[in-house]
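Colleague: mind looking at a prediction? Sequence and model below.
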Number of protein chains: 2
Amino acid sequence: MNHTKIILASQSPRRRELMERTGLDFEIITSEIEEKTTEKQPDKVVQELSYMKALDVLNRIRSQKPSQSVLVVGADTVVSVGGKILGKPQTPEEAFSMISEIQGATHEVYTGVSLLRYQKESGKVAAKVFSECTEVKVYPMTEDEISRYIATGDCMDKAGAYGIQGDFGVYVEKINGDYNNVVGLPVARLYHELKDFME
Amino acid sequence: MNHTKIILASQSPRRRELMERTGLDFEIITSEIEEKTTEKQPDKVVQELSYMKALDVLNRIRSQKPSQSVLVVGADTVVSVGGKILGKPQTPEEAFSMISEIQGATHEVYTGVSLLRYQKESGKVAAKVFSECTEVKVYPMTEDEISRYIATGDCMDKAGAYGIQGDFGVYVEKINGDYNNVVGLPVARLYHELKDFME
């Protein structure tokens, strides 16, 4: 891995903190693509969006004729509840509506990850795309509890309008799967996929 | 809850951080009892030890004739693997041995919680004791990976010799249950039990 520069294509401070746990050196270059997809299945949605983000960043790096091999990690997270996909809320009202849907029930969180590796010597690009699903069971919440949580502002930049790692934690009864996948990056799977992919 | 002083009977900075998510004001008074139990079942062990910690702190507070009602929260966490209970390692060698046992397998983490409430008006003490179990599946680890993790020093003050919230996270494939229960305090269950208990 010594001669490959690793780039995380995400501006999320949570993904950066999780990526640091791999122990790998990396830089951050944020994708500027519009997040649009025609996919309907949550696992396909996050895989496609993570791929678009990684590809956008890789293309910009390649246009600058990099002096070494480059690996770009792209990621995207959505919440799926009752067949509906929830992204980030645009307003506090939308956040209230999203949390009303997930309280007192179990939903799924999907994070898709794309690894795109440009090999300087051969000029070739290799790709690995996967997604992880974690089930999250949320306690019933009163309207007052939902309003108090939304007032913290913690909900606005997060898929499904909550952050499991913050004040919302008191409403999460249990999960089944990788916790960090809910935060935004399945770092254990990523660590192991990277070990295989970089060999 | 206005007139009851809440005390967390734990010196763990992780439990303090989790307790803060309840939004309740509380103070910390650490128990000084020796952690000894004759129980063998992990759920009984953590319930008894959490009760001993909470009772020790409550007794010390009562000996000072408190001017208000007091609620003490005690907690204890162990790892259970293959019928064996793992507490905190005493040496790096013991930590290596513990992680060798949990790698490549699923183990359970039990946290017991005791709520002891002294009501100033009546002079009575009410108790509520419960425990939560979370299954944790750990990826296979090489000896080199175990040694590198132990070298971080992160393992020494934690049951089972690992902290799920730190660098060990890249080895945790999935969990089934409450994540914060593995960190050391099932804060969602605690929040809901407190709501009932304080009514």
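Modeller: Great, that's in hand.
Colleague: where exactly do the helices run in chain A?
Modeller: A:13-20, A:42-62, A:92-102, A:143-151, A:179-183, A:187-197 (DSSP state H).
Colleague: redo the ones you listed as CSV? Include mean pLDDT.
Modeller: Converted to CSV, these look like this (pLDDT from 0 to 100):
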stretch, mean pLDDT
helix A:13-20, 96
helix A:42-62, 97
helix A:92-102, 97
helix A:143-151, 96
helix A:179-183, 98
helix A:187-197, 94
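Colleague: can you lay out these as TSV showing distance to chain B and mean neighbour count?
Modeller: Every residue, glycine included, has its C-beta placed from N, CA and C. Compiled in TSV, the helices of chain A are given as follows (distance: least, CB to the nearest CB, whole Å; neighbours: other CB atoms under 10 Å in any protein chain shown):
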stretch	distance to chain B	mean neighbour count
helix A:13-20	8	18
helix A:42-62	16	21
helix A:92-102	14	18
helix A:143-151	8	15
helix A:179-183	4	28
helix A:187-197	4	19
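Colleague: right, so of those, which gets closest to A:Gly74?
Modeller: Of all the helices of chain A, helix A:42-62 sits nearest to A:Gly74, with 3.0 Å by CB to CB.
Colleague: packing partners of that closest one?
Modeller: In terms of contacts (3 or more CB pairs under 8 Å, 6 or more residues apart in numbering or on different chains; DSSP states H and E), helix A:42-62 is packed against strand A:4-8, strand A:69-81, strand A:106-118, strand A:125-138.
Colleague: one more time with 7 Å
Modeller: strand A:69-81, strand A:106-118, strand A:125-138 (3 or more CB pairs under 7 Å, 6 or more residues apart in numbering or on different chains; DSSP states H and E).
Colleague: now these in JSON lines, with mean neighbour count and mean pLDDT?
Modeller: Formatted as JSON lines, the helices and strands packed on helix A:42-62 follow (neighbours: other CB atoms under 10 Å in any protein chain shown; pLDDT from 0 to 100):
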{"stretch": "strand A:69-81", "mean neighbour count": "24", "mean pLDDT": "97"}
{"stretch": "strand A:106-118", "mean neighbour count": "23", "mean pLDDT": "98"}
{"stretch": "strand A:125-138", "mean neighbour count": "18", "mean pLDDT": "98"}
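Colleague: can you redo those strands as JSON lines with distance to B:Leu86?
Modeller: What follows is these, written out as JSON lines (distance: least, CB to CB, whole Å):
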{"stretch": "strand A:69-81", "distance to B:Leu86": "33"}
{"stretch": "strand A:106-118", "distance to B:Leu86": "30"}
{"stretch": "strand A:125-138", "distance to B:Leu86": "26"}
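Colleague: columns distance to B:Tyr162 on top of the helices of chain A, output as TSV?
Modeller: What follows is the helices of chain A, written out as TSV (distance: least, CB to CB, whole Å):
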stretch	distance to B:Tyr162
helix A:13-20	17
helix A:42-62	29
helix A:92-102	30
helix A:143-151	30
helix A:179-183	14
helix A:187-197	13
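Colleague: out of those, flag the one nearest A:Glu121.
Modeller: Smallest distance to A:Glu121 across the helices of chain A (CB to CB): 14.2 Å, for helix A:42-62.
Colleague: go ahead and name everything in contact with the closest one.
Modeller: Contacts with helix A:42-62, where a contact means CB atoms under 7 Å, 6 or more residues apart in numbering or on different chains, come from A:7, A:9, A:29, A:31-33, A:35, A:37, A:39, A:70, A:72-78, A:80, A:85, A:108, A:110-114, A:116, A:118, A:129, A:131, A:133.
Colleague: out of the residues you listed, which touch chain B?
Modeller: With CB under 7 Å from any CB of the partner chain as the criterion, the contacts of helix A:42-62 include none near chain B.
Colleague: so which of the helices of chain A is nearest B:Arg14?
Modeller: helix A:179-183 (14.6 Å).
Colleague: and the closest one, what does it pack against?
Modeller: Helix A:179-183 sits against helix A:13-20, strand A:106-118, strand A:125-138, with contacts defined as 3+ CB pairs under 7 Å, 6+ apart.
Colleague: with just CA atoms, put the longest one into PDB.
Modeller: Same thing as strand A:125-138. The C-alpha coordinates for strand A:125-138 follow below in PDB (Å, rounded to 0.1, in the frame of the first residue of the first chain):
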ATOM      1  CA  VAL A 125      -8.600   1.500 -12.800                       C
ATOM      2  CA  ALA A 126     -10.000  -1.300 -10.600                       C
ATOM      3  CA  ALA A 127     -13.300  -1.100  -8.700                       C
ATOM      4  CA  LYS A 128     -14.800  -2.700  -5.700                       C
ATOM      5  CA  VAL A 129     -18.400  -1.800  -4.600                       C
ATOM      6  CA  PHE A 130     -20.300  -3.100  -1.700                       C
ATOM      7  CA  SER A 131     -23.000  -2.100   0.800                       C
ATOM      8  CA  GLU A 132     -23.800  -3.000   4.400                       C
ATOM      9  CA  CYS A 133     -27.300  -3.000   6.000                       C
ATOM     10  CA  THR A 134     -27.900  -2.500   9.700                       C
ATOM     11  CA  GLU A 135     -31.300  -2.900  11.400                       C
ATOM     12  CA  VAL A 136     -32.200  -0.200  13.900                       C
ATOM     13  CA  LYS A 137     -35.100  -0.500  16.400                       C
ATOM     14  CA  VAL A 138     -36.300   2.800  17.800                       C
END
